[in-house]
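[1] return atomic coordinates for the entry below.
(2 chains)
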Amino acid sequence: MVISGIKISGFRGVRGTLDIPFGSGFTVITGENGSGKTTVCDAIEYLLTQRITRISADQIERKERLQDYFWWRGKPPASAHRITGTFTNRTQKELTWSVTPQGVRGELDKESFFDAATAPSDGWMTLCQTSIFRDELITSLSTDLSEATRADFVERAIGVVGTAEFERVTETYKEALERRLERIEVRYNSHREKIAGLVEEISEANSQAMAAQEKSLAEITQMACKLTATKSDDIGKLLSSVGAKIAETRRRADQLERLRIDLSAHSEEISEVGSLRRQQESLHAEISKLEGQLKVDEGQLKAASANLRAAREMEPTYTSLAQLREQGLRLGLQDGRCPLCGSKISKENYDGHLSAIEGEIARRESKLGALVKQEADLQRKVAAVRTSVEMGRNQYNRIAASFQVFKKTEADMQERATLARVTLSEDALTSALASEMAKLKELERCSEALEGFVASQRVKDLEKKRSLVQREAEAVAKERDTVDAAKQGVYKVSVEVRRLSREVLEERLAALNPLLSELYVRFKPHVDFADIKYRMRGDVKRLLRLEVGDSINPRFVFSSGQRRVLGLAFLLAVYLSRPWCKLKTLVLDDPMQHVDDYRALHLVEILSSIRQLGHQIICTVQDSALADFLCRRLRSSDRSTGVRMELVYRAGLGVQLKDVVNVPPLPSRVLTAA
Amino acid sequence: MAYCPAGSGQGNIVGKATMDLISEVRRVLEKNNYSVVRAGEPDNMVHFEDGNLMGFVWAAPTVDRLLREWEDRQDSFLKLNSEPLRGSELKTWNLYAVFLTTDEPNESERVALAQIEEDFRAARKIARGGLSTPGDVLNGLLPLIPIQTTVSVERENEVDKLRQRVKSLPQSVVETLLGGEEYSEKGVDVLLKAYGDKRNKD
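    All right, here's what the predicted structure looks like:
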């Protein structure tokens, strides 16, 4: 099976459609950086696996999707997103299918590509990883690769060892038995916990039962009946009655105790009643006296107010007199006559009258001032007496209210004493409380004894239960031992399967070694080391180490170019060692990078020697002269044709096919024609 | 040489004195579908050609002569065949000048031989000394011939091997694990019964 063509639309750098016809023998693709050579390799891988391994999820930003990088995302947008591949088998039967961002269209006939029975479980992936060699893979899978990764890579490439199924089945049984063992362990632990709990309960019940051993059951029953005033020989009922009685007695004792405390507090308050009474009487006398005083003061105030009011009623008259006097003084005598009444009057009399008016006005003003002051004084006095009366009355009322509280407290306590059937006195209460406490103690002893009997009965029950759980635990332990033995058996088989698997693998690797040696000799990466060997080690984690000379790790003595050549030899050995693989196409993406001309020549010779085995080679190179060289050496023939093409990237258009040329076969007879 | 897939061990049987180098070259090339013709006297040089490559092989009697004469041999070949070579321009690029000798080179000669191979003028050169066995010859001619090693995987009966290794286990256990059946709960029961019985028996 080889690839005969691929049509790429809207994928990676291809915006339009790139229709690539592969030569059945070889195809050399050339072009500048970014011209789309790698895109062709990506498209082949994507067609087979719907992945591009060199672009992994951990390389992209969180919000991006890998798919976004697989398909054309430039502007203008692509009219279609699709890769269609055509493969041809030996009988020239063609297989065609397409992949789009939505998935695969058409059926991938897996059996045409690899033998499913012997291929690795991830057949498509391994097929691509061991057929398409890119710069990244050549570098990473060269000598710089960790020995474990290299071993894993080779193991997968070699294919499934016949014991893999057993490995899987025994592993499943082992896991199943381990799970079962875990469950049994949980059950066993649960039983052990139950037993521990029962032992604790038994110990507790035993110590309770000790109390019952001092008296006989009859004595205890009799005592309980007496204390609870009941008749029964049922221990459970008696225990319940005693418990109720204890609660009742404790309640009554509490009541008595509280009443005793309240009575004691009240007695202290009563001792203050005499003093309060005297205080109340004194207040009463004081208030009466103040009320008498208030009456007198209020009378005086009333009279003073009346006098003031009367004096103020005369105010207009004295105002007129003042005005008259002002006029009289201003006008003076008019020709010996009074200017007001016109009567004849002497100057002395006239002045005398005016002085008399002035004196009258002054007297009047003096009297009015005295009356105002008197009224204000009396008002203040009355207010002060009133306040004193009010305060006295308030204090009197508070004392009266205290007497009411005393009376109510006394009535309440009396009621509680009546309910408790006890006289309301300190002595009576103390005596009743002592009696209840004694009763309580007796009841508790009785209860303890009864519980002891119940506990001894419980001990017997618990012992029976413990014995049962113990038997169950032993059965579980037996089951556990059986499962463990089965697990050991499966483990033994598993170990043998693994060991055999390793041995088979080693044998297959031994078969691969001559091929690796041949490729190494053909490459001649290092002049001092003529041969290479591998060494496999590790049972669980296998390690594959490459060695040259006297067990020297080439990683530390080869230059980067030499390591790359060795890496290529290793990859080509792996490519040629896949018994399960039916695809005979080797894809190399610019393999000559960092390789000198001499070793590039060797690589081309090796590719030519692989071509001679009937393999198809697709190789991208940047250098045009190298492309020419490859075309001359990769053996184009009528039955196994060669194609050379050039790709170019044009802005806005993406990758385009610039040129496609069928490489003609070379003349078969030149030197030996004659 | 360390690699000798076809002639491994033959070097011990076919000694230096008994191997005719040019005959062995002819045998290897013809086996790999090359037309090989003698290129005049003495009988130590052949021309070879297939659909892709062509050239000549000179079996030099000594390393010393090889180092002294290789350029002359190449030049005379080119001169002698200039007409057909000119007629096939592209194939002329695939020209090989192969210089071999059974004589063992010393260290400085080995370096000188390597330098010949790194000279790309006119033709791709192969220059090897100390070719004492058919395996050595094959190694020398590797650039001209297909990959020689094929990896074949022999399918052994791995189940029988495994059964033999775990025969101490109860038969029903072996059948459950290696009988080719998938995992099942019933299988687990079989394992437990087998070990339960074994336990009771013990």
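
[2] OK, contacts around residue A:291?
    residue A:389 (Cβ atoms under 8 Å, 6 or more residues apart in numbering or on different chains). Any C-beta I mention is one placed from the backbone N, CA and C, and that applies to glycine too.

[3] distance of it from chain B?
    110 Å (Cβ to the nearest Cβ, to the nearest Å).

[4] host element of the one residue in the stretch 1-150 of chain A that gets nearest to chain B?
    Nearest residue of the stretch 1-150 of chain A to chain B: residue A:118, at 8.3 Å (Cβ to the nearest Cβ). Assigned by DSSP states H and E, residue A:118 belongs to no helix or strand.

[5] pLDDT wise, what is the nearest residue to it once chain neighbours are set aside at?
    If the residues on either side of it in the chain are set aside, residue A:118 comes closest to residue A:580, at 4.2 Å by Cβ to Cβ, 6 or more residues apart in numbering or on different chains. pLDDT, residue A:580: 84.

[6] quick one: neighbours of residue A:580, just the number.
    When counting by other Cβ atoms under 10 Å in any protein chain shown, one arrives at 20 neighbours for residue A:580.

[7] was I right to think it contacts residue A:113?
    No - taking Cβ atoms under 8 Å as the definition, residue A:580 is not a contact partner of residue A:113, at 9.7 Å.

[8] so what sits against both of those two?
    The contact lists of residue A:580 and residue A:113 share residue A:123, where a contact means Cβ under 8 Å, 6+ apart.

[9] show me where pLDDT drops low in the chain?
    If you meant another chain, say so; for now it's chain A. Across chain A, the ranges flagged by pLDDT under 70 are A:57-64, A:141-145, A:159-162, A:211-214, A:530, A:536-542, A:674.

[10] right idea, wrong chain: chain B
    In chain B, residues with pLDDT under 70: B:1-18, B:41-42, B:152-157.

[11] mind giving me the domain split of it?
    B:10-144, B:158-201 (automatic domain parsing).

[12] the longest one vs chain A: in contact?
    Yes - Domain B:10-144 is in contact with chain A by Cβ under 8 Å from any Cβ of the partner chain, via B:35-37, B:47-52, B:54-55, B:81, B:84-85, B:87-88, B:90-94, B:114, B:117-118, B:120, B:124, B:139, B:142-143.

[13] okay, and which of the residues you listed map to strands?
    B:35, B:36, B:37, B:47, B:48, B:49, B:54, B:55, B:124 (DSSP state E).

[14] in the chain, which spans are strands?
    Answering for chain A, as no chain was given. A:2-11, A:14-21, A:26-30, A:82-88, A:94-100, A:103-105, A:132-133, A:532-537, A:543-548, A:585-589, A:616-621, A:642-650, A:654-663.

[15] can you look at chain B instead?
    B:35-38, B:45-49, B:54-60, B:95-101, B:124-128.

[16] packing partners of the third one?
    Helices and strands touching strand B:54-60, by 3 or more Cβ pairs under 8 Å, 6 or more residues apart in numbering or on different chains; DSSP states H and E, are helix B:21-31, strand B:45-49, helix B:63-80, strand B:95-101.

[17] reformat these as CSV; add distance to residue A:437 and mean neighbour count.
    Output for those, formatted as CSV (distance: least, Cβ to Cβ, whole Å; neighbours: other Cβ atoms under 10 Å in any protein chain shown):
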stretch, distance to residue A:437, mean neighbour count
helix B:21-31, 123, 19
strand B:45-49, 129, 23
helix B:63-80, 127, 16
strand B:95-101, 125, 24
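
[18] same list (the ones you listed) but as JSON lines, adding distance to residue A:14.
    Listed next are those as JSON lines, based on distance: least, Cβ to Cβ, whole Å:
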{"stretch": "helix B:21-31", "distance to residue A:14": "45"}
{"stretch": "strand B:45-49", "distance to residue A:14": "42"}
{"stretch": "helix B:63-80", "distance to residue A:14": "46"}
{"stretch": "strand B:95-101", "distance to residue A:14": "40"}
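
[19] nearest to residue A:13, of those?
    strand B:95-101 (39.0 Å; Cβ to Cβ).

[20] so what touches the closest one?
    With Cβ under 8 Å, 6+ apart, strand B:95-101 has contacts from B:21, B:25, B:53-63, B:65-66, B:70, B:73-74, B:77, B:85, B:116, B:122-131, B:137, B:140-141, B:143-144.

[21] can you select the buried ones from the residues you listed in PyMOL?
    The following PyMOL line selects those of these that are buried, judged by 16 or more other Cβ atoms under 10 Å in any protein chain shown:
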select buried, chain B and resi 21+25+53+54+55+56+57+58+59+60+63+66+70+73+74+77+85+116+123+124+125+126+127+128+129+130+131+137+140+141+143+144
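
[22] residues touching the residue nearest to residue A:389 when sequence neighbours are not counted, list them.
    Nearest residue to residue A:389 in three dimensions, chain neighbours excluded: residue A:290, at 4.7 Å (Cβ to Cβ, 6+ apart). When contacts are counted by Cβ under 8 Å, 6+ apart, residue A:290 touches A:385, A:388, A:389, A:392.

[23] separation between residue A:290 and residue A:305?
    Going from residue A:290 to residue A:305 by Cβ to Cβ, to the nearest Å gives 22 Å.

[24] same check, this time on residue A:327
    35 Å.

[25] which one's more surrounded, those two?
    Set residue A:327 next to residue A:305 and count neighbours by other Cβ under 10 Å: residue A:305 wins out with 15 against 11.

[26] now that one. Nearest residue, chain neighbours left out?
    Nearest one to residue A:305, counting by Cβ to Cβ, 6+ apart, is residue A:375 at 5.5 Å.

[27] show me the contacts for that neighbour.
    Contacts of residue A:375 by Cβ under 8 Å, 6+ apart are A:301, A:304, A:305, A:308.

[28] check residue A:564 too.
    The contact partners of residue A:564, by Cβ under 8 Å, 6+ apart, come to A:138, A:139, A:142, A:593, A:594, A:595.

[29] enumerate the residues of the stretch 501-650 of chain A near chain B.
    A:504, A:508, A:511-512, A:514-515, A:517-522, A:527, A:530-531, A:576-577, A:579, A:597-598, A:601-602, A:605-606, A:608-610, A:612-613, A:629, A:632-633, A:635, A:637.

[30] give me the subset of those lying in helices.
    A:504, A:508, A:511-512, A:514-515, A:517-522, A:597-598, A:601-602, A:605-606, A:608-610, A:629, A:632-633 (DSSP state H).

[31] okay then, goodbye and thanks.
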